[in-house]
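**Q** Would you be able to build a 3D model of this:
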Amino acid sequence: MAIVRDATAPELTAAGAVQEAPSRPLGRTLRRYAPIGIGVVMALAMVVIAAGAPLIAPLSPSAQFADAVLKGPGAVERHALGTDEFGRDLLSRIIWGARVSLQVGLASVIFGFALGVPLGILAGVQGGRIETCIMRGADMLMAFPTLLLALIIVTALGGSLPNEILAIGVALTPNFVRLARGLALTIREQDYILAARALGSGQLRVMARHVFPNALYALVVVATLYIATAIRTEATLSFLGFGIP
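**A** Here you go, the predicted model:
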């Protein structure tokens, strides 16, 4: 009978020393993780710029310069990216605007996550009329596009930072509800869930101790993708005149 040896397992030499399998070349490892590294660096750079806006911005974002109206990049020495129709420095306004975008993006996704995930897990684990009510409510919200629903809420409440976070968070909530319910439907059929119920665990304990931790990884990955959606929605609302002044 032939013995098949794992190519990645350590080898035992004649002297009895363990010889490790050859490691992966450094260049191949760097190429594999290069996109992740670039994304992390860009995200950290945006966070640092937003946090240090008072120190990094060369000028005040609201300062107007009558002698430099609608100047292009480099046309005036003190305005690297030019000015707008009121003579305000565009580079300074972009740096300060990054702070608002991050606040709205992170806060609205956290709001939608905190509201939608528990409802989705409850619908997936409990089932019955509770699931029907939750999912029909989510379907009603999903009938409206994210931008349109956020625009309706902001129009009703007024344009401010808390209202914009609330509007975008509510618009993103149905997405988290549906995702969490789908994950809960899969997880609740696993053997460890059946074992937990056999040992007397109630529905709340099953959801908090078993379903939510096992669904958290996929939920966090999707939540990071929705940050871009929230920032884009915030920028569109501001462009339409319904966002933060």
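
**Q** Next, find the distance separating the residue nearest the centre of the chain from residue 33.
**A** What sits nearest the mean C-alpha location of the chain, by CA atoms, centre = their mean, is residue 224, with 2.2 Å. Note on residue 224: its distance to residue 33, by CB to CB, to the nearest Å, is 17 Å. Quick note: C-beta positions are derived from backbone N, CA and C, even for glycine.

**Q** Share the number of residues neighbouring residue 215, please.
**A** Residue 215: 23 surrounding residues under other CB atoms under 10 Å.

**Q** Please list all residues in contact with the closest residue in space to residue 111 that isn't next to it in sequence.
**A** Spatially, and ignoring its direct neighbours in sequence, residue 111 is nearest to residue 169 (3.2 Å; CB to CB, 6 or more residues apart in numbering). Counting by CB atoms under 8 Å, 6 or more residues apart in numbering, residue 169 touches 107, 108, 109, 110, 111, 112, 115.

**Q** again with residue 69
**A** With CB under 8 Å, 6+ apart, residue 69 has these contacts: 83, 85, 86, 87.

**Q** Would you write a ChimeraX line that selects the buried entries of the residues you listed?
**A** Here is the ChimeraX command that selects the buried residues among these (16 or more other CB atoms under 10 Å):
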select :83,87
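
**Q** Rebuild the contacts of residue 69 as JSON lines, extending it with pLDDT.
**A** What follows is the contacts of residue 69, written out as JSON lines (pLDDT from 0 to 100):
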{"residue": "83", "pLDDT": "87"}
{"residue": "85", "pLDDT": "86"}
{"residue": "86", "pLDDT": "87"}
{"residue": "87", "pLDDT": "87"}
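
**Q** Mind checking which of the contacts of residue 69 are in strands?
**A** The members of these all map outside strands under DSSP state E.

**Q** closest to residue 51 among the contacts of residue 69?
**A** Residue 51 has its nearest neighbour among the contacts of residue 69 in residue 83, at 25.0 Å by CB to CB.

**Q** thought the closest one was touching residue 76?
**A** Yes - if you go by CB atoms under 8 Å, residue 83 and residue 76 touch, sitting 7.2 Å apart.

**Q** hey, what's in contact with both of the two?
**A** By CB under 8 Å, 6+ apart, the residues touching both residue 83 and residue 76 are residue 68.

**Q** right, and the helix or strand after the single longest helix found in the chain?
**A** Across the chain, the longest stretch assigned as helix under DSSP state H is helix 90-126. Once the chain leaves helix 90-126, the next helix or strand it forms, by DSSP states H and E, is helix 128-142.

**Q** buried stuff in stretch 39-51?
**A** 49, 50.

**Q** ok, residues contacting stretch 126-142?
**A** For stretch 126-142, using CB under 8 Å, 6+ apart, the contacting residues are 116, 119-120, 122-124, 149, 170-171, 173-175, 177-178, 181, 203.

**Q** Same question for stretch 187-195.
**A** Contacts of stretch 187-195 (CB under 8 Å, 6+ apart): 124, 125, 206, 210, 211, 214, 215.

**Q** can you pull the contacts of the last one?
**A** Residue 215 is in contact with 117, 121, 180, 183, 184, 187, counting by CB under 8 Å, 6+ apart.
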